[in-house]
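In: can you look at this prediction? I've put the sequence above it.
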Amino acid sequence: MIRIAQLSCGAEYSGIQRELERAAEIVGAKMISPEVSLEDVMDVEKRFGVSVPSGDLNLIMARATRLVQNPELADAVFIATCFRCAEGAIIRGEVRRYIHEHSRLPVLSYSFTERTTAETLLTRMEALVTTARMRGLLARERQTGLTAGIDSGSTTTKAVIMRDNQIIGTGWVPTTEVIKSAEEAFQQALQESGVKREEIQGIGVTGYGRFLVGKHFDAKLVQEEITVNSKGAVFLANAQKGPATVIDIGGMDNKAISVQDGVPGSFTMGGICAGASGRFLELTARRLGVNITDLGKLALKGSYKNVPMNSYCIVFGTQSLVNSLSKGARPEDVAMAACHSVAEQVFEQQLQEVEVKQPVIMVGGTSLIEGLPRAMEDLLGIDVIVPNHAQYIGAVGAALLVSGMLEV
Amino acid sequence: MVKVIVYPPTSMILADLVDRMGHTPLVMANEIRNKIDTPSLESPPLNITPEDPKKGLKYAAVDVPSGVRGRMSLIGPMIDEAEAAIIVEDNNCLVGCTGCARTNELTRLLIKIKGIPFIELKYPRDDGEARRFVHEIRTFLEGLK
């Protein structure tokens, strides 16, 4: 049983405590609260240099200190405070950083509302548990044998066939019916690789449709996308040793993952609205009358400074888009403004919560929209790597990890 | 007998003092006990449900954190019911005040603007202060009709 230390403020009174415990239970974990003394609570200012009036936040810091002193108390840490609480957000970030710097415990931080459900937390908890439980498998650096990976994403379904550390076939289709799309992508990959289905030694699946697809293909590995994408990203970017930051702006939500030696340390998953996702770029391309694959090239010719745009919400973003075009803005400026707006939101909301360490690797289909990594480079002030096959990151990670299971 | 809200509302020491003086203390422990004893709810250990922050909307708008609204769904009705109040400033967690500082601010404000008699004291730091503290509260409670 994996023990997840819960460092939270407000969870009980938001009515979501049961949801937290249910999510943990589903992924085979248990929430625990490290015990602290009164002195530990009174002492936090000395250790953290911050004093906050909220008692529960002081308790979070005291518990974090106890965990760093006795890391055997838990296998992973879940830090949570109320969404919209500024004080909570500050302490959440500080505690995450403190644990990250002083221990090897994987950390997940989250801000909740009363509508948070176990289902919302599931992928995150699953990743936390996997990181704690399967460090050995995640440390795998080479793909061996003949394996396949299928990434059933919210927008697109990707498949790869790998043999002896090489990608030999790929498939990429829009997600419609989950299983049908997975079959199509898999067939494409098989065809390209010239391999017969029955020759495949193991299939790994990830993405939103992973449970359904995993059952259909009798997959040996059914894994959430945080760990799989981290692995795929550092594999393709040849950054398996040392720190890395993986940014995956998806069709439905975004992931920012701080990785050490190929293993996710802390990560955030979310985004306030579809305005910060690939969905907004898709909408922009449609409105500009260009193919999504051409949006990036168009964006590189423009400047975001010429078009005010804030896609904090997809509706506001669309309003900005329509208003700008009606005032005669150039399509290339609009395209770059859309990319910049999405990157800015990921930068403001998610990259503040993970340790951004170089190299920064951008993955997923959106990383191929050239304007997006460029906008991220501008915001971070550092180079961003978009590896070859970046759009197949989940499928590659799944094919790589499942090859490790063949030897077990 | 007067219903007296105690601030911080988790203070069992002050609740006991109010009780000894023949009044009814309004404190969180009683509200929580009601939650736990109420059958058919199933969200241990507090039986606070995601519905409670919605009830808290009466006291704090939707842009206030859910933890505050959840707490206010319990504290708010106590303030509504209160006929007098004891407010202790600068308390430490020994008084049982762990929780959200924003809820504490709102609670103090709502008590003060309600227009009920209240006494406001500093948390005692030594024996002499503690004696004066109890004496002042006692005098206040004796004066309540």
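Out: Structure received. Here the structure is a predicted model, which means the values were calculated and not measured.
In: how many residues are close by A:G194?
Out: 9 (other C-beta atoms under 10 Å in any protein chain shown). Quick note: C-beta positions are derived from backbone N, CA and C, even for glycine.
In: quick one: contacts for it?
Out: A:168-169 (C-beta atoms under 8 Å, 6 or more residues apart in numbering or on different chains).
In: ok, now how distant is whatever residue of the stretch 1-150 of chain A ends up closest to chain B from A:D56?
Out: Closest to chain B within the stretch 1-150 of chain A is A:G10: 2.3 Å, counting by C-beta to the nearest C-beta. Distance check for A:G10 against A:D56: by C-beta to C-beta, to the nearest Å, it reads 7 Å.
In: those two: who's more crowded?
Out: Neighbour totals were compared for A:G10 and A:D56, and A:G10 leads with 32 against 23 (other C-beta under 10 Å).
In: pLDDT below threshold where in chain B?
Out: Counting by pLDDT under 70, the ranges of chain B that qualify are B:39-46, B:94-98.
In: buried set for stretch A:345-358?
Out: Going by neighbour count (16 or more other C-beta atoms under 10 Å in any protein chain shown), the buried part of stretch A:345-358 is A:345-347, A:349-351, A:353-356.
In: which residues sit against that stretch?
Out: A:92-93, A:96-97, A:100, A:109, A:243-245, A:247, A:249, A:254, A:256-258, A:265-268, A:270-272, A:275-276, A:311-312, A:376, A:379-380, A:382.
In: hmm, which of these are the buried ones?
Out: A:92-93, A:96-97, A:100, A:109, A:243-245, A:247, A:249, A:254, A:256-258, A:265-268, A:270-271, A:275-276, A:311-312, A:376, A:379-380.
In: for chain A, which segments count as strands?
Out: Assigned by DSSP state E, chain A shows strands spanning A:2-9, A:29-32, A:76-82, A:107-112, A:146-152, A:156-163, A:166-174, A:202-206, A:221-222, A:243-249, A:254-260, A:263-270, A:360-363, A:384-385.
In: TSV for these, including mean pLDDT and distance to B:E105?
Out: Below are the strands of chain A laid out as TSV (pLDDT from 0 to 100; distance: least, C-beta to C-beta, whole Å):
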stretch	mean pLDDT	distance to B:E105
strand A:2-9	96	15
strand A:29-32	96	29
strand A:76-82	95	15
strand A:107-112	88	20
strand A:146-152	96	47
strand A:156-163	96	48
strand A:166-174	95	51
strand A:202-206	96	45
strand A:221-222	93	47
strand A:243-249	93	38
strand A:254-260	88	33
strand A:263-270	80	28
strand A:360-363	95	40
strand A:384-385	96	43
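In: in CSV, list these along with distance to A:T123.
Out: Shown next, in CSV, are the strands of chain A (distance: least, C-beta to C-beta, whole Å):
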stretch, distance to A:T123
strand A:2-9, 15
strand A:29-32, 14
strand A:76-82, 13
strand A:107-112, 10
strand A:146-152, 13
strand A:156-163, 17
strand A:166-174, 22
strand A:202-206, 10
strand A:221-222, 12
strand A:243-249, 12
strand A:254-260, 9
strand A:263-270, 7
strand A:360-363, 17
strand A:384-385, 24
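In: the residue nearest to A:S193 when sequence neighbours are not counted pairs with what?
Out: In this structure, A:S193 finds its nearest non-sequential neighbour in A:G169, 2.8 Å apart by C-beta to C-beta, 6 or more residues apart in numbering or on different chains. Each beta-bridge partner of A:G169 is listed here, defined by DSSP bridges: A:I161.
In: check contacts around A:G169.
Out: Counting by C-beta under 8 Å, 6+ apart, A:G169 has contacts A:159-161, A:188-195.
In: let me see the contact set for the closest residue to chain A within chain B.
Out: Going by C-beta to the nearest C-beta, chain A is nearest to B:G67 of chain B, at 2.3 Å. With contacts taken as C-beta under 8 Å, 6+ apart, B:G67 has the following neighbours: A:9-11, A:13-14, A:81-82, A:85, B:53, B:100, B:103.
In: quick check: pLDDT value at A:H216.
Out: pLDDT recorded at A:H216 is 96.
In: residues contacting it?
Out: Shown in contact with A:H216 (C-beta under 8 Å, 6+ apart): A:179, A:182.
In: run through the residues that contact the residue lying closest to A:V363 once chain neighbours are set aside.
Out: Of all residues not flanking A:V363 in the chain, A:I393 sits nearest, at 4.0 Å (C-beta to C-beta, 6+ apart). For A:I393, the contacting residues are A:151, A:229, A:232-233, A:236, A:248, A:363-364, by C-beta under 8 Å, 6+ apart.
In: I'm done for today, thanks for sticking with me.
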